[in-house]
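Participant: generate a structure from the sequence data that follows.
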Amino acid sequence: MPLPRTPRRRLVGGALSLALLTALGIAVVAPSGSSSAPGGERPPVSGIGPLPWPQDGQSAVDLEGTGSLGERGGRRPVPIASLTKVMTAYVVLKEHPLRPGEQGPLIEVDRQAAHEVGVGGESTVPVRAGERHSQRRLLELLLVPSGNNVARLLARWDSGSQEAFVAKMRRAAGRLGMEDTVYTGASGIEPTTVSTAADQVRLTRAAMEDPVFRAIVATRRITVPGLGTITNTNPLLDTPGVLGVKTGSSTPAGGNLLWACEVRVGGTPRLLVGAVLHQRAGTTPAEGLRAAVDAGRGLLTAVRDRLASAGTEGPGR
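Facilitator: Down below sits the predicted model:
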């Protein structure tokens with residue numbers, strides 16, 4: 001029986017901190033409800049000027065302490081591929097918290113996770129039945145090389161079945177106010193797992209509050225005994241100030257990217273978070289991901305630099 005879908009209610013654009021924006025000299029444009037700019041763009045601040053929104057798919061940007069800096073492309077739920085793993089990691093860490101530097105319990109690789117290696121063209125990590133990896137290591141294998149089989153292994157470890165874990169994912173989405181999101185698996189391989197740029201920004205803000213999650217998504221490469229060195233799938237980590245977060249791509253989902261960057265506002269570090277979804281959907285995963293990375297880098301750089309010129313200090317180093 002399919003799990004009940006979270007009721008959908010249309011969200012109003014992110015609230016802005018008037019005092020902060022006034023201090024930066026950024027004018028506030030009142031939300032107009034039905035009078036969005038062409039392409040579904042919502043530009044709630046004018047002082048940073050027009051942003052280079054991707055013409056494809058949908059995107060959103062949020063500044064900690066301020067709120068939404070704009071959206072484009074509307075809020076029609078679309079497949080998100082491996083961005084799903086952000087929620088998988090979020091739920092696992094809520095259920096089994098880790099302190100920074102803590103490895104957590106050892107988890108045995110089951111036959112199913114081992115059997116799924118290399119099957120169906122999925123993004124998987126070579127593991128063998130009976131191996132034991134720490135919770136921290138499995139979270140790294142989930143988020144750095146984006147192992148689908150590891151996502152499902154963690155779901156079974158936590159809840160006994162992927163289906164029971166998905167119910168937890170849906171409940172977590174409901175608590176976070178992700179009203180246009182439906183999870184149907186732990187890995188994102190299912191095109192029926194759908195979300196919006198605004199919802200994914202909301203999740204990313206919450207996930208980045210966990211120091212273990214934050215450290216893992218900022219890791220450029222890990223070294224695993226028996227597997228060697230594994231490089232993060234997120235090439236945006238080479239961009240100054242970027243702290244992660246996650247890539248995702250498939251033919252139905254196109255290219256998808258969540259990013260987080262540190263900027264300074266009045267000398268205080270703030271988290272700038274963005275989402276770019278559904279780039280070049282229907283093409284190859286590689287083509288979609290290239291488009292998402294290019295669009296995400298352009299959007300991030302523009303927002304960061306314009307915030308700096310509006311009175312903030314440069315990107316965090």
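
Participant: list the buried residues of stretch 182-200.
Facilitator: Buried residues in stretch 182-200, counted by 16 or more other CB atoms under 10 Å: 182-191, 193-200. No exception for glycine: its C-beta is placed from N, CA and C like everyone else's.

Participant: C-alpha coordinates for that stretch, PDB please?
Facilitator: What follows is stretch 182-200, C-alpha atoms only, in PDB (Å, rounded to 0.1, in the frame of the first residue of the first chain):
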ATOM      1  CA  VAL A 182       7.500  12.900  -1.700                       C
ATOM      2  CA  TYR A 183      10.100  10.300  -0.900                       C
ATOM      3  CA  THR A 184       9.700   6.700  -2.300                       C
ATOM      4  CA  GLY A 185      13.200   5.300  -1.700                       C
ATOM      5  CA  ALA A 186      16.400   6.000   0.200                       C
ATOM      6  CA  SER A 187      18.700   6.300  -2.700                       C
ATOM      7  CA  GLY A 188      16.900   8.500  -5.300                       C
ATOM      8  CA  ILE A 189      17.000   6.000  -8.100                       C
ATOM      9  CA  GLU A 190      13.200   6.000  -8.200                       C
ATOM     10  CA  PRO A 191      11.800   8.900 -10.400                       C
ATOM     11  CA  THR A 192       8.800   8.900  -8.100                       C
ATOM     12  CA  THR A 193      10.900  10.700  -5.500                       C
ATOM     13  CA  VAL A 194      10.100  14.300  -6.200                       C
ATOM     14  CA  SER A 195      10.800  17.700  -4.700                       C
ATOM     15  CA  THR A 196      11.300  21.400  -5.400                       C
ATOM     16  CA  ALA A 197      14.200  23.700  -5.200                       C
ATOM     17  CA  ALA A 198      12.600  25.600  -2.300                       C
ATOM     18  CA  ASP A 199      12.000  22.400  -0.300                       C
ATOM     19  CA  GLN A 200      15.600  21.200  -0.900                       C
END
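
Participant: mean confidence score for it?
Facilitator: On average, the pLDDT along stretch 182-200 is 97.

Participant: pull out the buried positions in stretch 56-74.
Facilitator: Under the neighbour-count rule (16+ other CB under 10 Å), stretch 56-74 has 56-64, 66-74 buried.

Participant: re earlier: can you tell me which of the buried residues of stretch 182-200 are in helices?
Facilitator: Ala197, Ala198, Asp199, Gln200 (DSSP state H).

Participant: leaving out sequence neighbours, find the closest residue to the last one.
Facilitator: It stands for Gln200. Ala275 (4.3 Å; CB to CB, 6 or more residues apart in numbering).

Participant: how about that neighbour, what does it touch?
Facilitator: The contact partners of Ala275, taken as CB atoms under 8 Å, 6 or more residues apart in numbering, are Ser59, Ala60, Ala197, Ala198, Gln200, Val201, Thr204, Asn256, Leu257, Leu258, Trp259.

Participant: helix, strand or coil for it?
Facilitator: strand (DSSP: H, G, I helix; E, B strand; the rest coil).

Participant: is it bridged to anything, and to what?
Facilitator: Ala60, Leu258 (DSSP bridges).

Participant: next, count neighbours for the closest residue to Pro105 other than its chain neighbours.
Facilitator: With CB to CB, 6+ apart as the criterion, Pro105 has its nearest non-adjacent residue at 5.6 Å, and that residue is Gln135. Counted with other CB atoms under 10 Å, residues neighbouring Gln135 total 21.

Participant: grab the nearest non-local neighbour of Val127.
Facilitator: Val109 (4.6 Å).

Participant: quick one: that neighbour and Val144, what's the gap?
Facilitator: Going from Val109 to Val144 by CB to CB, to the nearest Å gives 17 Å.

Participant: also Ala60?
Facilitator: From Ala60 to Val144 the distance is 25 Å (CB to CB).

Participant: cool, Asp56 as well?
Facilitator: 27 Å.

Participant: next: Lys94.
Facilitator: 20 Å.

Participant: so the two - more neighbours on which side?
Facilitator: Val144 (22 against 15).

Participant: quick one: contacts for the more buried one?
Facilitator: Contacts of Val144 by CB under 8 Å, 6+ apart are Ile216, Thr219, Arg221, Ile222, Ile230, Thr231, Asn232, Thr233.

Participant: which residues of this structure fall in helices?
Facilitator: 18-24, 84-95, 111-115, 135-143, 148-159, 162-175, 197-207, 211-217, 285-309.
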